[in-house]
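>>> Provided below are the primary sequence and the corresponding predicted coordinates.
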Amino acid sequence: MPKSSPIAELYTEHHAWLHGWLRRKLGCLDQAADLAQETFVRVMSSERAEMASWREPRAYLTTIARNLVNDHWRRQELERAYLEALAMQPEAQAPSPETRMLIMETLLRIDQCLSALPPLTRRIFLRSQLDGLVYADIAQEMEISLATVKRHMSAAFLACLSMA
């Protein structure tokens, strides 16, 4: 009989436990099942997938799953905020379901991009793009140099372009 892979063993030994942990966190059996599967997909696609054994497999799986849960909650919050904004629009201006889905996907990509930025870069970028501040005003407000603002804005724009 062929020897099973380390990932197959990891799955067999810890999937039920992980599913239960996620179910308690999320309160939903189906979402827990989805995120448990996604956790193992991430394990398989990670650089550590070839390891014969993990020192603390549950800690490793929990870390991946916790990040997925955080992404899930952030996505739900973003969807809720978008639906609230839509509800405030006159019905004649409401986008079609297809357009809503495209907008939601775009919002999620923007959120991913912004979440990946360092905090200072994100703050500078948002002050410029959402609040309409010019670079000099941002530099003065944050008590940093204009060159620093420009450097962070350049990094933010590059990050956004790489997500496109």
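Sure thing, it's come through.

>>> Determine which residue lies closest to the centroid of the protein.
Nearest to the mean C-alpha position of the chain, counting by C-alpha atoms, centre = their mean, stands D71 at 4.3 Å.

>>> Residues touching the strand or helix carrying R127, excluding its own?
Per DSSP states H and E, R127 falls inside helix 119-129. With contacts defined as C-beta atoms under 8 Å, 6 or more residues apart in numbering, helix 119-129 is touched by 114, 117, 133-135, 138, 141-142, 149, 152-153, 155-156, 159. In this view, the C-beta of every residue, glycine as well, is placed from N, C-alpha and C.

>>> The top helix by length along the chain - what's its average pLDDT?
The longest helix of the chain (DSSP state H) is helix 57-87. Helix 57-87 carries an average pLDDT of 88.

>>> Give me the contact list for the next helix or strand after it.
Where DSSP H and E defines the elements, the next helix or strand beyond helix 57-87 is helix 97-116. The contact list for helix 97-116 (C-beta under 8 Å, 6+ apart) reads 74-75, 78-79, 82, 86, 95, 122, 125-126, 159-160, 163.

>>> Since that was my last question, I'll sign off now.
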